[in-house]
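**Q** got a sequence here, can you model it:
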Amino acid sequence: MASQSPHDLVTVHKIQSSPTHPIAHTKKVKRSYPPIIPIIIVPTKDSPSSPIPDWFRLDSLPEELLEEVSKHLSVTDLKCLRLTSRHMYRISLREYAREGFRKITTDFTKQSLDRIYSILKDDVFRPQIREVTIQWAGIDRKAPKALVEAFWGAFNRCENFSEFYEEVYLEALLHMFYLPLDDLWL
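**A** Residues are numbered from 1 along each chain as shown. A predicted model of the protein is given here:
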């Protein structure tokens with residue numbers, strides 16, 4: 001009998017044709033490739049599977065240096081950096097808030113107003129807000145009073161109104177909703 005090479009190995013598959021006939025027939029398949037065997041690769045200093053030495057770990061760098069590096073990252077890179085570890089989350093949080101929450105937008109939907117309210121409640125994110133953009137497109141001019149009150153509730157929690165008053169006249173904004181000024185603060 002001639003010896004078989006790994007390329008001539010035959011695999012037997014039991015094929016089930018239906019639940020009532022558990023084994024209908026046996027099929028022999030001749031492989032044209034060698035069998036898969038586990039190959040153990042010994043880690044080297046250059047292989048990615050080797051353990052990372054302590055001196056090369058990002059967490060081992062001084063926090064001041066990591067904060068300085070985070071100042072030069074984009075918002076997307078900061079999001080990724082924050083997800084690497086709790087330590088990196090804590091270090092990059094303030095810079096992420098500064099870059100990601102400088103300008104926030106609302107369209108007067110409940111979801112958008114809830115998001116702004118949660119940002120305003122956060123002690124890290126709240127001081128970073130420099131601009132609030134209000135998108136009026138798609139909003140009915142006769143908006144429900146509850147939405148307007150929710151907006152003014154968030155607006156009243158803001159710390160610095162000087163820029164807002166210069167760009168938007170409060171009376172004009174209230175006129176868009178057909179609400180008298182006295183009716184809002186009752």
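**Q** burial count for Gln135?
**A** 12 (other Cβ atoms under 10 Å). Where C-beta positions appear, they are placed from N, C-alpha and C, glycine not excepted.
**Q** wait, it sits on Thr109?
**A** No - using Cβ atoms under 8 Å, Gln135 is not in contact with Thr109; the gap is 9.9 Å.
**Q** against which helices or strands is the lengthiest helix in the chain packed?
**A** The longest helix of the chain (DSSP state H) is helix 86-100. Packing partners of helix 86-100 (3 or more Cβ pairs under 8 Å, 6 or more residues apart in numbering; DSSP states H and E): helix 63-70, helix 75-82.
**Q** quick check: angle from the last one to helix 86-100?
**A** Here the directions of helix 75-82 and helix 86-100 differ by 160 degrees (axes from the mean of the first three to the mean of the last three Cα atoms, to 10 degrees).
**Q** for helix 75-82, buried residues please.
**A** Within helix 75-82, the residues scored as buried using 16 or more other Cβ atoms under 10 Å are 78, 81-82.
**Q** sorry, back to before: tilt between the longest helix of the chain and helix 63-70?
**A** Angle between the axes of helix 86-100 and helix 63-70 is 40 degrees (criterion: the same axes, to 10 degrees).
**Q** can you give the strand pairings for the following helix or strand past helix 86-100, parallel or anti for each?
**A** The first helix or strand that comes after helix 86-100 along the chain, using DSSP states H and E, is strand 103-106. Here strand 103-106 has these sheet partners by DSSP bridges: strand 131-134 (parallel).
**Q** can I get the partner strand in CSV, CA atoms only?
**A** Only the C-alpha atoms of strand 131-134 are listed here, as CSV (Å, rounded to 0.1, in the frame of the first residue of the first chain):
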residue,chain,number,x,y,z
GLU,A,131,-22.0,78.6,21.5
VAL,A,132,-25.6,77.2,21.3
THR,A,133,-27.0,77.0,17.8
ILE,A,134,-30.8,76.8,17.5
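**Q** pLDDT averaged over that strand - what is it?
**A** The average pLDDT within strand 131-134 is 77.
**Q** stretch 110-127 now?
**A** 82.
**Q** same check, this time on stretch 92-105
**A** The model assigns stretch 92-105 a mean pLDDT of 84.
**Q** and the contacts of it?
**A** Stretch 92-105 has contacts (Cβ atoms under 8 Å, 6 or more residues apart in numbering) with 66-67, 70-71, 73-75, 78-79, 81-82, 112, 116, 119, 124-125, 128-135.
**Q** again, only this time at 10 Å
**A** Outside stretch 92-105, the residues that touch it by Cβ atoms under 10 Å, 6 or more residues apart in numbering are 66-84, 89, 112, 115-116, 119-120, 122-135.
**Q** could the buried residues of helix 75-82 go into a markdown table alongside distance to Arg98?
**A** What follows is these, written out as a markdown table (distance: Cβ to Cβ, whole Å):
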| residue | distance to Arg98 |
| --- | --- |
| Leu78 | 9 |
| Leu81 | 14 |
| Arg82 | 13 |
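**Q** thank you, goodbye.
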